[in-house]
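Participant: starting from these lines, generate the structure:
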Amino acid sequence: VMSARPRGSASEGSELRERKPPKQHFFHHDPLFDRWDYVITFPYVDLVSSKTSDRLKRRRRERGKVLQRLRTVGLTYSKQLSRDKDEVIVRITAPIERLELEAERMKLRMPTNPLVASTDERIAHMMEFTRERKEIFSGTEDSACIFSSAERQRVVNSIIESSKDMGGAELDTSRLIKKGIITKYFPLHDDDTRKHLEHSWALNWKAKQPLDDIRAYFGEKVALYFAFLGFYTTWLWGPAIFGLVLFLYQVFGSTDNVGVIVYSIFMALWATLFLEFWKRRNAILAFLWDVMDFEEEEKTRADYYGEERVNPVTEEPEIWYPEWRRMVKYSITWPVVIFMVTCVVMGSLGVLLLRLVLTRELGGIGSGIAGSLNAIMIIVLNTIYQTFAVKMTDWENHRTETDYEDALIAKSFMFQFVNSYFTLFYIAYLKGRIELFGNSDACRQGSCITDLMIQLGTVFLIQMFVGQAQEVVIPWLMGKLMTWFETRKLKKSSERKVVKEATRSEEQAKLTPYPGVFSDYNEMILQFGYVTLFAAGFPAASFAALMNNLVEVRSDAFKLCVSHQRPPAFQAE
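Facilitator: As a prediction, the model looks like this:
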């Protein structure tokens with residue numbers, strides 16, 4: 001392990017006092033240096049080998065420049081070679097003085113300590129960090145824990161990515177990854193906190209969600225998702241009990257009864273009240289976590305590009321991208337979206353025609369088979385389309401993360417609404433009233449409730465189980481398999497039967513990057529549609545959604561703590 005000595009940049013002057021790196025044997029006991037925040041991995045380049053190309057040697061020199069920038073801005077790092085010698089893993093942190101200096105520069109808002117702060121400061125409850133009054137902020141009794149884990153992460157990332165004029169290293173990590181200079185860039189888990197959350201939250205099915213702890217470790221964006229998921233799951237208890245009783249009556253009694261009408265009215269009122277009460281809960285959390293005005297103060301995305309200019313209003317330097325260029329791109333991306341939606345409509349009609357044929361030949365079993373094929377088609381097309389939607393939204397070049405996600409939501413929801421609900425709307429409102437490609441498609445016994453129940457139940461349940469496997473089981477297995485295959489390969493290539501274990505940095509580097517909460521929100525929105533839009537057709541959908549979400553809360557927590565890389569601590573309103 002090699003340690004780099006932190007050095008202050010010229011603009012910082014005496015703001016950063018020189019600090020000698022700790023001795024090797026004491027390295028892992030110093031709380032200021034043992035707490036690694038970020039990891040950068042570089043491809044290993046053997047300069048001695050004759051097989052090493054000039055391109056790889058240039059990358060090796062670029063790596064040296066990256067590390068030099070990290071040293072110059074006062075960051076501390078350690079290097080280690082991966083056990084299969086294909087990557088150089090660099091762990092990064094910052095001395096507490098450097099964290100304080102950057103937090104003050106970026107005007108980081110932090111909670112005040114009510115035992116120390118004045119009356120006005122306690123009322124404010126969140127204030128911009130200053131070194132002169134650092135004793136009023138929570139956690140400053142222990143100088144190694146001034147900042148929460150999420151705050152440390154944001155501060156260190158700011159030092160790495162901020163411009164040189166602001167005292168940062170000015171590393172465009174996205175560009176460096178695209179050029180192949182670095183292979184990965186991600187925040188490192190804090191083992192103690194991660195294990196605490198894993199045992200007290202992910203694996204503890206009886207405990208309430210520790211939202212403040214989640215926020216302090218993963219950031220407001222992730223914490224707000226789990227707040228929504230918990231709130232939604234709690235509200236599902238009423239519809240779940242009512243819907244299950246009605247479903248059992250439909251199975252053992254009659255599908256057409258007054259209970260269906262009552263349940264439909266109940267669900268319409270429930271959906272309205274749920275959304276209004278969630279708005280209230282969301283506003284309370286946004287106030288407590290000081291993100292009420294986040295979207296107005298949101299920073300520019302790292303991937304945003306354009307021309308450098310001086311803002312004519314604020315007279316501050318900024319990156320400017322003409323709006324007319326984005327409009328030109330809209331004129332290309334949205335016709336592509338509409339074309340893809342048209343394709344999915346044609347595909348859904350094909351599934352409905354196949355369903356008609358199978359139902360005539362096999363009866364109810366044929367309907368189940370067609371429903372299963374439709375569920376598979378929905379999952380596959382949603383996955384394929386999402387890749388295109390992300391690429392198109394990247395190309396549109398949105399300035400903030402909120403603008404980017406709003407554009408992605410519009411594209412994704414339009415496609416997935418049609419893909420997920422088209423066949424259900426057809427069965428509910430058109431089946432038996434029109435001919436399907438010249439074929440009569442009448443409902444059995446004059447009612448389409450049974451057909452809708454079979455189709456919705458099959459699609460909903462298959463998507464539910466496949467979604468859990470995609471999100472948690474497969475990434476966890478992939479991480480384990482990669483480590484197992486690497487260990488096996490090393491044992492074969494080495495004369496020694498015992499191979500050294502991978503470090504925690506190396507293990508986390510092999511995990512799947514966390515895709516963000518967008519896909520999780522998207523899953524819940526589609527589920528909400530199944531539960532409310534077609535409540536009369538499959539009343540048990542609310543009960544199935546409740547059972548799924550009770551598992552989803554813990555499986556999503558497990559995904560964050562164990563099976564995926566730690567995500568950046570983003571804020572959200």
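Participant: could you use CA atoms for every contact and neighbour count after this?
Facilitator: OK.
Participant: helices or strands up against the longest helix seen in the chain?
Facilitator: When the chain is parsed with DSSP state H, its longest helix is helix 323-362. Judged by 3 or more C-alpha pairs under 8 Å, 6 or more residues apart in numbering; DSSP states H and E, the packing partners of helix 323-362 are helix 364-396, helix 401-425.
Participant: just the helices in the stretch 1-150 of the chain please.
Facilitator: 31-34, 54-72, 96-105, 119-124, 149-161 (DSSP state H, counting those that start in this stretch).
Participant: which of those helices sits most buried?
Facilitator: Each of the helices of the stretch 1-150 of the chain was scored by mean neighbour count; the highest is helix 149-161, a mean of 22, by mean count of other C-alpha atoms under 10 Å.
Participant: which residues does the helix or strand just after that one contact?
Facilitator: Using DSSP states H and E, the helix or strand that follows helix 149-161 towards the C-terminus is helix 173-178. For helix 173-178, contacts defined as C-alpha atoms under 8 Å, 6 or more residues apart in numbering pick out 161, 182, 183, 184, 185, 302, 303.
Participant: buried residues, helix 173-178. List them.
Facilitator: Burial within helix 173-178, assessed by neighbour count using 16 or more other C-alpha atoms under 10 Å, is assigned to 173, 176.
Participant: what helix or strand is the nearest residue to residue 507 once chain neighbours are set aside located in?
Facilitator: Ranked by C-alpha to C-alpha, 6 or more residues apart in numbering and with sequence neighbours excluded, the top spatial neighbour of residue 507 is residue 483, at 7.5 Å. Per DSSP H and E: residue 483 is located in helix 474-493.
Participant: for the helix or strand immediately after that helix in the chain, give me every contacting residue.
Facilitator: Counting by DSSP H and E, the element after helix 474-493 in chain order, helix or strand, is helix 504-509. With contact meaning C-alpha under 8 Å, 6+ apart, helix 504-509 is reached by 39, 82, 89, 91, 184, 188, 483, 564, 565.
Participant: relative to residue 157, which of those residues is nearest.
Facilitator: Relative to residue 157, the closest of these is residue 39; by C-alpha to C-alpha it sits at 10.7 Å.
Participant: spatially central residue for this structure, please.
Facilitator: Central residue of the chain (C-alpha atoms, centre = their mean): residue 516, 1.0 Å from the mean position.
Participant: kindly state the pLDDT recorded for that residue?
Facilitator: With respect to pLDDT, residue 516 scores 86.
Participant: which residues does residue 230 contact?
Facilitator: 209, 553.
Participant: any idea how far it lies from residue 219?
Facilitator: Per C-alpha to C-alpha, to the nearest Å, residue 230 is found 17 Å from residue 219.
Participant: now do residue 134
Facilitator: 21 Å.
Participant: how about residue 485?
Facilitator: Separation of residue 485 from residue 219 (C-alpha to C-alpha): 34 Å.
Participant: one step back: what's the closest of the helices and strands packed on helix 323-362 to residue 334?
Facilitator: Comparing the helices and strands packed on helix 323-362 by C-alpha to C-alpha, helix 401-425 comes nearest, at 8.0 Å.
Participant: before we move on, the earlier item: ok, the residue nearest to the centre of the chain touching residue 568?
Facilitator: No - between residue 516 and residue 568 there is no contact under C-alpha atoms under 8 Å: 9.2 Å.
Participant: okay, now residue 111: neighbour count?
Facilitator: 21 (other C-alpha atoms under 10 Å).
Participant: and it, what is it in contact with?
Facilitator: By C-alpha under 8 Å, 6+ apart, residue 111 lies in contact with 125, 126, 127, 137, 138.
Participant: farthest-separated two in those residues?
Facilitator: Greatest spatial distance among the contacts of residue 111 (C-alpha to C-alpha): 127 and 138, at 10.9 Å.
Participant: neighbour count for residue 485 and residue 219, which is higher?
Facilitator: residue 219 (25 against 11).
Participant: and residue 127 and residue 138? which has more neighbours close in?
Facilitator: Under the criterion of other C-alpha under 10 Å, the comparison of residue 127 against residue 138 puts residue 138 first, with 20 against 17.
Participant: give me the pLDDT value at that one.
Facilitator: According to the model, residue 138 carries a pLDDT of 69.
Participant: same thing with the one 10 residues further on?
Facilitator: Per-residue pLDDT puts residue 148 at 87.
Participant: please apply the same query to residue 112.
Facilitator: 78.
Participant: run a quick neighbour tally on it.
Facilitator: Other residues within reach of residue 112, judged by other C-alpha under 10 Å, total 25.
Participant: same question for residue 317.
Facilitator: If we define neighbours as other C-alpha under 10 Å, then residue 317 has 11 of them.
Participant: for residue 236, same thing?
Facilitator: Counted with other C-alpha under 10 Å, residue 236 comes out at 21.
Participant: wait, it touches residue 542, no?
Facilitator: Yes - contact criterion C-alpha under 8 Å: residue 236 and residue 542 qualify, at 6.6 Å.
Participant: relative to helix 474-493, how tilted is the helix or strand containing residue 547?
Facilitator: Using DSSP H and E, residue 547 sits in helix 541-558. If you take axes from the mean of the first three to the mean of the last three C-alpha atoms, to 10 degrees, helix 541-558 sits at 40 degrees to helix 474-493.
Participant: now for the closest residue to residue 356 other than its chain neighbours: which residues touch it?
Facilitator: Distances taken as C-alpha to C-alpha, 6+ apart place residue 441 nearest to residue 356, at 6.9 Å, with adjacent residues excluded. By C-alpha under 8 Å, 6+ apart, residue 441 lies in contact with 356, 431, 432, 434, 435.
Participant: now do the SS call for residue 441.
Facilitator: Using DSSP: H, G, I helix; E, B strand; the rest coil, the structure places residue 441 in coil.
Participant: as TSV, the contacts of residue 111 with distance to residue 350 would be great.
Facilitator: Output for these, formatted as TSV (distance: C-alpha to C-alpha, whole Å):
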residue	distance to residue 350
125	59
126	57
127	59
137	62
138	61
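Participant: and of those residues, the nearest to residue 411?
Facilitator: residue 126 (36.3 Å).
Participant: setting aside sequence neighbours, what's the nearest residue to that closest one?
Facilitator: Closest to residue 126 by C-alpha to C-alpha, 6+ apart is residue 111, at 4.4 Å.
Participant: list the buried residues of the longest helix of the chain.
Facilitator: 329-330, 333, 337, 341, 344-345, 347-349, 351-359.
Participant: quick check: phi and psi at residue 36.
Facilitator: phi -80, psi 140 (degrees, to the nearest 10).
Participant: how near is it to residue 193?
Facilitator: Taken as C-alpha to C-alpha, the span from residue 36 to residue 193 is 13 Å.
Participant: these two - which one has more neighbours?
Facilitator: residue 36 (23 against 14).
Participant: make sure residue 149 is actually in contact with residue 216.
Facilitator: Yes - if you go by C-alpha under 8 Å, residue 149 and residue 216 touch, sitting 6.1 Å apart.
Participant: check contacts around the residue nearest to the centre of the chain.
Facilitator: residue 567.
Participant: do residue 443 as well
Facilitator: By C-alpha under 8 Å, 6+ apart, residue 443 lies in contact with 431, 432, 451.
Participant: and residue 566, how many residues sit next to it?
Facilitator: 24.
Participant: so it, which of the three states?
Facilitator: Taking three-state DSSP as the rule, one finds residue 566 in the coil state.
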